[in-house]
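> Predicted model and sequence below, questions to follow.
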Amino acid sequence: MPSTIASTSTQPTQPQPNQPPALPEIPPGYLNVMGYVDNSEVNGPGVRAVLWVQGCGRHCPGCFNSHSWPFEINQLVSVDEVVRQVLREPRNQGITFSGGEPFKQAVVLAQVAKQLKAQGLTVMSFTGFTLEQLRSRQAPVGSQDLLDQLDILIDGPYVASQAIHSPNSPVSSSNQRVHVFNPALQHQIDWASDAVEIHILQDGQRIITGYRGHMAFSESEDESGMAFQSERGSHSATAPA
Ligand code: SF4
């Protein structure tokens, strides 16, 4: 699977037949982001910021975030900018990384996680990989660094044939597993994967999130306009199955 981290090679390379197109470079210390909200209560324990990264090569049938699949640059956001935004909202008790595939940007997400944990916040991530794959030699660059920072990992891709429609399930399909690395959160696995929230941003845009890790703008087909901005309010509800 292609990496989203910029190559440091200086050797000119000859394009090979059937070679996938070169991916755009992400500057060091930056993330390619699909979306962001503060104060989510349906993407992990407590009240959390949620950061959806851009890019996933897995293309699971039934994926609710297909706009996150392309690895092309959507919005570049620095580590400092993410950390500042999360800490600006006092209700955020932690951050959840979703996607897209967070572990394709593990190096920089680990930097974000480290700074937020130093401020007492918790860090959770979704991934299409299994934990065993992330601990193997084939894992994306920086996977262990990110794993070292996580309080909770939800692993495995969404598998439509194993979909769970339950107000009591924190995962969307039965192959996915909840790994709680921080014992303090052991009894806080209480969010429902089929609940939704509507976040109304200051510019009037609405972000709908929660249902199976879904993130979408309700006002526009153009999803490239996500901005790090405060919201006017949010509303939670349980989605119809
Ligand atoms: S369900 Fe997750 S792993 Fe699968 S394509 Fe969507 S974002 Fe990628």
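Received it, and whenever you're ready, just let me know what you need. Given the structure is predicted, the values throughout are model-derived calculations rather than measurements.
> which helices and strands sit right next to the longest helix along the chain?
In the chain, with assignment by DSSP state H, the single longest helix is helix 106-118. Helix 106-118 sits against strand 30-40, helix 79-88, strand 94-98, strand 122-126, helix 143-149, with contacts defined as 3 or more CB pairs under 8 Å, 6 or more residues apart in numbering; DSSP states H and E. C-beta: built from backbone N, CA, C; applies to glycine.
> Show residues contacting the second one.
Helix 79-88 is contacted from outside by 29-31, 36, 38, 49, 51, 92, 95, 108, 111-112, 115-116, 119, 121, 228, 230, using CB atoms under 8 Å, 6 or more residues apart in numbering.
> May I have that helix as CSV, with CA atoms only?
The C-alpha trace of helix 79-88 is given here as CSV (Å, rounded to 0.1, in the frame of the first residue of the first chain):
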residue,chain,number,x,y,z
VAL,A,79,1.1,19.4,14.5
ASP,A,80,1.1,22.6,16.4
GLU,A,81,-2.1,23.8,14.8
VAL,A,82,-3.9,20.5,15.7
VAL,A,83,-2.7,20.6,19.3
ARG,A,84,-3.7,24.3,19.7
GLN,A,85,-7.2,23.7,18.3
VAL,A,86,-7.8,20.6,20.6
LEU,A,87,-6.6,22.5,23.7
ARG,A,88,-8.6,25.6,22.8
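> can you give me the mean pLDDT across it?
Helix 79-88 shows an average pLDDT of 97 in the prediction.
> Now, of the contacts of helix 79-88, which are buried?
Buried by 16 or more other CB atoms under 10 Å: 30-31, 36, 38, 49, 51, 92, 95, 108, 111-112, 115-116, 121, 228, out of those.
> what's the closest of those to the ligand?
Leu51 (13.4 Å; CB to the nearest ligand atom).
> What residues does the closest one make contact with?
31, 33, 35-36, 82, 95-98, 112.
> if we can go back for a sec, out of the helices and strands packed on helix 106-118, which gets nearest to Arg58?
strand 122-126 (11.9 Å; CB to CB).
> ok, and what's touching that closest one?
44-46, 48, 93-99, 102-103, 109, 113, 116-117, 146, 149-154, 182, 185, 213.
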